[in-house]
Structure formats: C-alpha cells, structure tokens
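sequence unknown, structure follows:
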C-alpha cells in the first residue's frame, strides 16, 4: 500500500472520458463488469494488465484488457515521497444500450 495512490492524469472524469472514447463494445450479447488488474509503475506506465474477475465472455475480457493496456501514463503512487509500483484494479462495465 502506498501513501499516495496512483491517479489517472486529470482524475476520474478524465479516465471515464478515455474509457468511453476508446472502448468498443465487442460483437457479443454478453454484459457485465470486467475487473482488470494492472500495475502503475514508478514512471506512471501501465503494465501487467490481466483480468482479475468478471464475466466469462472472452470478447468482453479481451476488450477490457485492450483498452486498459492503451491508457496513457498515470501519476504514480508514492511512498515517502518516492514513486513506487502500485497494483490497481479497475472495473470496466459493458452494458447494451
């Protein structure tokens, strides 16, 4: 656990905007929330992206991993004023309109 959590540059609103612009609903009838785990590195890079939990639909899982993998650098977490690697889990929700 870090003293300061990593943050998407621009905050939650900017992250929601990034997801809505880049997420493509796959050709499937499935819906649900895919929980994607990743590490925000000391330099703010996003790595080690993998599905932690969620629907078994492979198309939903693949799309969630794809979009999280494309995220720009975050503001890294810090411990004692030093940037550190921090594990983060992001829910990515797919709902048909």
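Arrived safely, thanks for sending. No experiment lies behind these values; they were computed from the predicted model shown.

Which parts of the chain are strands?
Using DSSP state E, the strands of the chain run over residues 32-40, 46-53, 77-79, 82-84, 86-94.

Single out the most deeply packed of the ones you listed.
strand 32-40 (a mean of 19; mean count of other Cβ atoms under 10 Å). C-beta coordinates here come from the backbone N, C-alpha and C atoms, glycine included.

same question for that one, mean pLDDT?
On average, the pLDDT along strand 32-40 is 98.

that older thread, show me the one of the strands of the chain that comes nearest residue 15.
Nearest to residue 15, of all these, is strand 86-94, at 8.1 Å by Cβ to Cβ.

So what touches that closest one?
With contact meaning Cβ atoms under 8 Å, 6 or more residues apart in numbering, strand 86-94 is reached by 2, 5-6, 19, 23, 25, 30-40, 52, 55, 60, 63-64, 67-68, 76-77.

who wins for proximity to residue 14 among the strands of the chain?
Using Cβ to Cβ, the strands of the chain put strand 86-94 closest to residue 14, at 13.5 Å.

Neighbouring strands of that closest one in the sheet, and parallel or not?
With DSSP bridges as the test, strand 86-94 is paired with strand 32-40 (antiparallel).

Where does the prediction get shaky in this structure?
1-2 (pLDDT under 70).

can you redo the strands of the chain as JSON lines with distance to residue 15?
Below are those laid out as JSON lines (distance: least, Cβ to Cβ, whole Å):
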{"stretch": "strand 32-40", "distance to residue 15": "12"}
{"stretch": "strand 46-53", "distance to residue 15": "11"}
{"stretch": "strand 77-79", "distance to residue 15": "15"}
{"stretch": "strand 82-84", "distance to residue 15": "19"}
{"stretch": "strand 86-94", "distance to residue 15": "8"}
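
Many thanks, have a good one.
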